[in-house]
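Novice: Have a look; sequence and predicted model below, questions after that.
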Amino acid sequence: MIREATSRAERIHRMAAVAEPVAIVGATGALGFGLALRLGRAGVPILMGSRDQERAQEAAQRARERAPDGDFRAVVNDEAAQQAGIVALCVPFRNQSENLKNLAGSLHKGQVVVDATAPLAAAVGGRATRTLGVPQGSAAQQAAEMVPEGVRVVSALHTISASKLAELDKPLDEDVLVCGDRREDKLRVAQLLGRIEGLRCVDAGRLEMARVVEQMTALMISVNARYTTHAGVRIVGLPDELWPAPSSS
């Protein structure tokens with residue numbers, strides 16, 4: 001009983017600590033919905049974006065039923081993007097360009113777009129265990145070319161199982177590989193995703209490294225299908241402090 005009360009107090013404290021909402025474009029999809037559930041349960045206000053207001057409302061209602069303490073608001077994608085400092089793009093690769101074009105007038109300077117897109121061959125009718133070539137090098141680099149000036153792109157969430165995210169009774173214990181060209185942006189995303197119990201964010205380098213990390217989505221699909229599970233990735237041998245404060249010297 002004491003442990004339960006303490007856990008609830010900790011959740012309330014986390015909820016009070018975050019006022020800024022996070023927008024999830026594609027919140028009606030598997031990854032977007034699972035991410036919304038986990039972040040919402042951790043006290044992050046969630047703007048659940050969809051191209052269709054009714055679908056957004058349905059997703060928000062499902063999220064409230066699954067995580068009653070969460071703050072889930074249903075909005076269309078462009079409104080969600082206007083209101084948040086961090087925008088998570090959780091759509092299939094075939095929809096990435098279209099969504100970014102539609103959001104061009106809503107995204108604004110200072111925002112971070114978390115691109116979770118994986119260029120899987122399934123986007124064009126192929127196999128999910130194969131990937132497509134992207135002229136820019138990766139889906140994240142393609143996104144970086146498409147967002148308005150002053151909006152930065154960080155790549156993340158490519159090895160996290162969407163279905164496992166949505167199973168709130170299943171504990172997580174895995175790493176999120178984060179790529180981006182500015183440490184400040186990666187740290188901002190790491191602090192957000194680190195609110196989800198069981199996720200540890202690892203700095204995987206500049207945005208160009210997303211071309212490697214995105215390929216790991218196909219790898220994890222293959223491994224999980226072979227073993228009928230939802231395994232993740234864990235990097236061993238790392239120091240305790242993964243995001244040290246920059247030296248003042």
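Specialist: Yep, it's here.

Novice: which helices and strands sit right next to the helix or strand where Q82 lies?
Specialist: Counting by DSSP states H and E, the element that carries Q82 is helix 77-83. Counting contacts by 3 or more CB pairs under 8 Å, 6 or more residues apart in numbering; DSSP states H and E, helix 77-83 is packed against strand 22-25, strand 46-50, helix 93-102. All C-beta atoms are positioned from the backbone trio N, CA, C, and that covers glycine.

Novice: other SSEs contacting the next helix or strand after the longest one?
Specialist: Once the chain leaves helix 93-102, the next helix or strand it forms, by DSSP H and E, is strand 112-115. For strand 112-115, the contact count by 3+ CB pairs under 8 Å, 6+ apart identifies strand 86-89, helix 139-146, strand 152-155, helix 183-193 as packing neighbours.

Novice: Indicate each strand paired with strand 112-115 and its parallel or antiparallel sense.
Specialist: strand 86-89 (parallel), strand 152-155 (parallel) (DSSP bridges).

Novice: Can you redo these as TSV, where the extra columns are distance to P119 and mean pLDDT?
Specialist: Converted to TSV, those look like this (distance: least, CB to CB, whole Å; pLDDT from 0 to 100):
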stretch	distance to P119	mean pLDDT
strand 86-89	13	98
strand 152-155	12	98
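
Novice: Dump those strands to TSV, plus distance to G29 and mean neighbour count.
Specialist: Below are the strands paired with strand 112-115 laid out as TSV (distance: least, CB to CB, whole Å; neighbours: other CB atoms under 10 Å):
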stretch	distance to G29	mean neighbour count
strand 86-89	11	27
strand 152-155	18	27
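
Novice: Out of these, flag the one nearest S138.
Specialist: strand 152-155 (7.1 Å; CB to CB).

Novice: Could you check how far the very next helix or strand once past that closest one is from the centre of its chain?
Specialist: Proceeding N to C from strand 152-155, the next assigned helix or strand is helix 162-166, under DSSP H and E. Distance, stretch centre to chain centre, for helix 162-166: 12 Å (CA atoms, centre = their mean, to the nearest Å).

Novice: Which strands and helices lie in contact with helix 162-166?
Specialist: helix 30-41.

Novice: so where's the protein shaky on pLDDT?
Specialist: Counting by pLDDT under 70, the chain contains low-confidence residues at 1-19, 247-249.

Novice: got the contact list for the biggest helix by length in the chain?
Specialist: Ordering each helix of the chain by length in residues (DSSP state H) puts helix 210-227 first. By CB atoms under 8 Å, 6 or more residues apart in numbering, the residues outside helix 210-227 that reach it are 115, 117-120, 128-131, 134, 137-141, 155, 158-159, 161, 177, 179, 204, 230-233.

Novice: ok, 7 Å please
Specialist: With contacts defined as CB atoms under 7 Å, 6 or more residues apart in numbering, helix 210-227 is touched by 118-120, 128-131, 137-141, 155, 158-159, 161, 177, 179, 204, 230-231.

Novice: And it, what's buried?
Specialist: Across helix 210-227, burial judged by 16 or more other CB atoms under 10 Å covers A210, R211, V213, E214, Q215, M216, T217, A218, M220, I221, N224.
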